[in-house]
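K.L.:
need a 3D model of the sequence below.
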Amino acid sequence: MVKFMAFIKENGEVTSVKWCTPEGLIAEGSYLPDFFAAESKNAILEMLHNAHSKGSDCSVVTQALINNTIIPVTLFCLKLNGEVIVLGFDSGGTEYEFNQEYIRIFNDFVNDIRQEFSKSIKDRELSIREQFEEIQKLNNDLLNTRRELEKANSILERNYQELQSKFVKDPLTGVVGRHQYWTEIEKAIQKNPDKLGILSFIDIDDFKFINDTYGHTVGDLYLVKFAERLQNMNLPNTMVIRISGDEFALFTYGVAQVDSGYTNWLWSKLKEYVFSEPVNISDFSLPISISVGMAVYGSDTEQVNELLEYADFAMYKAKSKGKNRYYRFDKDEYLKQKEPDQRSRALQQVIENEDFYHVYQPVVRVTDGSVYGYAIHLRTDNPIFRNTEDLLQVAMESGVYKALNDASLNMLKRNLQGDLGKTLEKRKLFVTQGPYPLYRYELFQNVTEAANYNQLVLEIVLSAKAPLPDLKKRQAEAKRNGYMLAVNNFGSGETDEAAVLTVSPEFVNLEMELVNTVDDDLDFQEKLRTIIKFAHQQNVQVVAKGVENKATMETLIDLGVDYLQGYYLSDSLKTPGTINGQVRKEIIGVLNNEDK
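P.N.:
Numbers count the residues shown, from 1 in each chain. The predicted model follows:
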């Protein structure tokens, strides 16, 4: 519930607060419009100006973001004895709740006015009654408006919840997906708090060779069949998880004892069901080899994040000893290896020697298939790191992420000062270093030196805990300096999409899993069409990442996205290029068909 009464200057400064719920929503010396939706700022200031200058009693309907929830709030403004008082309250309950709470709020409002200006209230009783009658009239209008808003919000909320449900399971394999596995593990632990749980972290050996040799379609079928074999093990109290790419896991919970006999039995089951026979796809017979790391909840650790790290560590120990084997986590060995961390030293050398480079993937207009800009990504060939995400993870854990980010931007800045800058001078540059919270101010300090301000589109990944005021500050800073912002994990369910759109970044990037499932589900397409339309209403452009086939591309164009990016259009290249001419013809062909 939101309710407060405060004295406000004409410029919006809060001079004093009589009462406020939730506590701390507004405070003395703060700026009233900061607590509400940015689009209401002018209306609030106009309300205060009319009250101060003309003595007008007026109101504004706006929204406040509290605990990542958008709450409708009604502000009433009243001038009395030269002072302007603002009464605010939550207008988002049911009609009955709304009227009852409104009466309680208004009674509090009147009682405080009487205590503060007892003589004035006696003189103005008739005026207050007239104002109350006017407020009742406004209240009727507000109730009607609220009902319409509730209907619209209900549709958006239903669509949003159904979009989120897409991420409970991995769209390719149908097992528990990367957006949900942490929560599912915690739920399983809560059901058996006094029992043990064993996490088997599984990596498919040489999966990259399969993708590179037979193509991504065969690679995807390989992963599907691999997941099916894990499910066919039918282990009691066990969930099958796809962590990412070619990494899977089994979490078996409610176990009384985990010893070498149990881990050997579990490994024998993996042998029997998973890699005893090759995978047959079309005319190909592909062998399976895995490396498995096992760690135990309730024995090795009682923290889920540590359990994942320990099992991952054990998996790499298994891989280092050869293929097709498992390794039981050993904490002493883990701590011993952590002291002189080989990966941290390798990272320092990567930064100092600039042992990395950038690749460029076209961001393509759906209007004509031309290249609007390039997504710029960091890469390294250092063998210590599996991929860029692994490199960035070590950078975050070692506290040198900013140093890596600055080194990358410095290299980009130097490259743009040469011939590369001439090639890209009319293109937008979508800059990101990885899946981490780039809304922090210190990571912005070196960004705008890397290129002309008006070229930059800085991609930001928001977590569910990312404070919206920080995003607002970054958006204001971007506008002052002439560059743009894009929210990179839109539709992932990891942040409040509706709240993000109220800040109006220039772009939102649809999550890759969202894109990859869009052409399989007509109901889902309509929900996504609603989300895209809502973004356009906020003047936010939509970029679809991870487009891997023609059907997906055509569906996304039909749904109304503004830009496309993915391997179907072009690989990520060390030298910026254009898209395949045939693909461009296909884009134009879709548009021509729509015109007809």
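
K.L.:
so R386 belongs to a strand, correct?
P.N.:
No - assignment of R386 by DSSP: H, G, I helix; E, B strand; the rest coil gives coil, placing it outside any strand.

K.L.:
would you list the phi and psi of it?
P.N.:
Per-residue torsions, R386: phi -70, psi -40 (degrees, to the nearest 10).

K.L.:
and it, how far is that from Q475?
P.N.:
Distance, R386 to Q475, using Cβ to Cβ, to the nearest Å: 34 Å. C-beta: built from backbone N, CA, C; applies to glycine.

K.L.:
what about the two, which has more around it?
P.N.:
The residue with more neighbours, out of R386 and Q475, is Q475; 19 against 14, by other Cβ atoms under 10 Å.

K.L.:
Y326: helix or strand, and which one exactly?
P.N.:
Taking DSSP states H and E as the definition, Y326 sits inside strand 325-328.

K.L.:
show me what that strand is packed up against.
P.N.:
Judged by 3 or more Cβ pairs under 8 Å, 6 or more residues apart in numbering; DSSP states H and E, the packing partners of strand 325-328 are helix 260-270, strand 290-297, helix 304-320.

K.L.:
could you rerun that using 10 Å?
P.N.:
Here strand 325-328 touches strand 196-204, helix 260-270, strand 290-297, helix 304-320, going by 3 or more Cβ pairs under 10 Å, 6 or more residues apart in numbering; DSSP states H and E.

K.L.:
pLDDT of the helix or strand hosting D112, averaged?
P.N.:
Using DSSP H and E, D112 falls within helix 95-116. Mean per-residue pLDDT for helix 95-116: 61.

K.L.:
do stretch 397-408 as well
P.N.:
The pLDDT scores in stretch 397-408 average 81.

K.L.:
use 824 as the first number for this chain going forward.
P.N.:
New numbering, starting at 824: the last item is stretch 1220-1231.

K.L.:
chain center to that stretch: distance?
P.N.:
With Cα atoms, centre = their mean, to the nearest Å as the basis, stretch 1220-1231 stands 21 Å off its chain's centre.

K.L.:
how about stretch 1366-1376?
P.N.:
Distance, centroid of stretch 1366-1376 to centroid of chain: 20 Å (Cα atoms, centre = their mean).

K.L.:
please identify the buried residues of that stretch?
P.N.:
If you call a residue buried by 16 or more other Cβ atoms under 10 Å, then stretch 1366-1376 has these buried ones: 1366-1371, 1375-1376.

K.L.:
chain center to the helix ranked longest in the chain, what's the gap?
P.N.:
Determined from DSSP state H, the single longest helix within the chain is helix 948-988. Here the centre of helix 948-988 is set off from its chain's centre by 29 Å, with Cα atoms, centre = their mean.

K.L.:
by contact count, what packs against it?
P.N.:
When contacts are defined as 3+ Cβ pairs under 10 Å, 6+ apart, helix 948-988 packs onto strand 881-889, strand 892-903, helix 918-939, helix 1320-1326, helix 1345-1360.

K.L.:
burial of G1241, as a residue count?
P.N.:
Neighbour tally, G1241, other Cβ under 10 Å: 9.

K.L.:
what residues are up against it?
P.N.:
With contact set as Cβ atoms under 10 Å, 6 or more residues apart in numbering, G1241 has no partners.

K.L.:
and E1334, how far is that from Q1080?
P.N.:
41 Å.

K.L.:
neighbour count: those two, which is higher?
P.N.:
More crowded of E1334 and Q1080, by other Cβ under 10 Å: E1334, with 22 against 10.

K.L.:
ok, that one touching I1354?
P.N.:
No - counting by Cβ atoms under 10 Å, I1354 is not a contact partner of E1334; they are 11.5 Å apart.

K.L.:
any chance of the helices and strands packed on strand 1148-1151 in TSV, plus distance to T1255, mean pLDDT and mean neighbour count?
P.N.:
Converted to TSV, the helices and strands packed on strand 1148-1151 look like this (distance: least, Cβ to Cβ, whole Å; pLDDT from 0 to 100; neighbours: other Cβ atoms under 10 Å):
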stretch	distance to T1255	mean pLDDT	mean neighbour count
strand 1019-1027	26	95	24
helix 1083-1093	37	94	14
strand 1113-1120	30	96	25
helix 1127-1143	24	91	19
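
K.L.:
dump those to TSV, plus distance to L995.
P.N.:
Converted to TSV, the helices and strands packed on strand 1148-1151 look like this (distance: least, Cβ to Cβ, whole Å):
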stretch	distance to L995
strand 1019-1027	14
helix 1083-1093	21
strand 1113-1120	18
helix 1127-1143	21
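
K.L.:
what's the closest of the ones you listed to A975?
P.N.:
Closest to A975 of the helices and strands packed on strand 1148-1151, according to Cβ to Cβ: helix 1127-1143, at 37.9 Å.

K.L.:
ok, the closest residue to T1378 other than its chain neighbours to R981 distance?
P.N.:
Counting by Cβ to Cβ, 6 or more residues apart in numbering, T1378 lies nearest to D1342, which is 4.3 Å off, once chain neighbours are set aside. Distance of D1342 to R981, given as Cβ to Cβ: 22 Å.

K.L.:
then G1196?
P.N.:
34 Å.

K.L.:
which of these two has more neighbours?
P.N.:
Taking neighbours as other Cβ under 10 Å, G1196 and R981 compare with G1196 leading, 24 against 12.

K.L.:
what helix or strand is the more buried one located in?
P.N.:
In this structure, G1196 sits in strand 1194-1202 according to DSSP H and E.

K.L.:
so how far is that strand from its chain's centroid?
P.N.:
Centroid separation between strand 1194-1202 and its chain, computed with Cα atoms, centre = their mean, is 20 Å.

K.L.:
correct me if wrong: L1247 contacts N1238.
P.N.:
Yes - using Cβ under 10 Å, L1247 makes contact with N1238 at a distance of 9.2 Å.

K.L.:
the more surrounded of these two?
P.N.:
Neighbour count, other Cβ under 10 Å: between L1247 and N1238, L1247 has more, with 20 against 17.

K.L.:
give the contact list for R1052.
P.N.:
Going by Cβ under 10 Å, 6+ apart, R1052 touches 1063, 1093, 1095-1100, 1102, 1111.

K.L.:
narrow those to those in strands?
P.N.:
Of the contacts of R1052, the ones assigned to strands by DSSP state E are 1063, 1102.

K.L.:
for the contacts of R1052, work out which two are farthest apart.
P.N.:
Farthest pair in these, by Cβ to Cβ: V1063 and E1100, 18.8 Å.

K.L.:
of the two, who's got more company?
P.N.:
More neighbours surround V1063 than the other of V1063 and E1100, with 23 against 12 (other Cβ under 10 Å).

K.L.:
what's in contact with the helix or strand following the strand holding G1196?
P.N.:
Heading C-terminal from strand 1194-1202, the first helix or strand you meet, by DSSP H and E, is helix 1211-1221. By Cβ under 10 Å, 6+ apart, the list of residues contacting helix 1211-1221 from outside reads 1067-1068, 1132, 1164, 1166-1171, 1173-1174, 1179, 1182, 1200-1203, 1205, 1207-1210, 1223-1228, 1256-1260.

K.L.:
name the residues of helix 1211-1221 that come out as buried.
P.N.:
Taking 16+ other Cβ under 10 Å as the criterion, helix 1211-1221 shows 1211, 1214-1218, 1221 as buried.

K.L.:
the helix or strand where L1235 lies: what's the following helix or strand?
P.N.:
L1235 belongs to helix 1224-1239 when assigned by DSSP H and E. The element immediately downstream of helix 1224-1239 (helix or strand, assigned by DSSP H and E) is helix 1242-1247.
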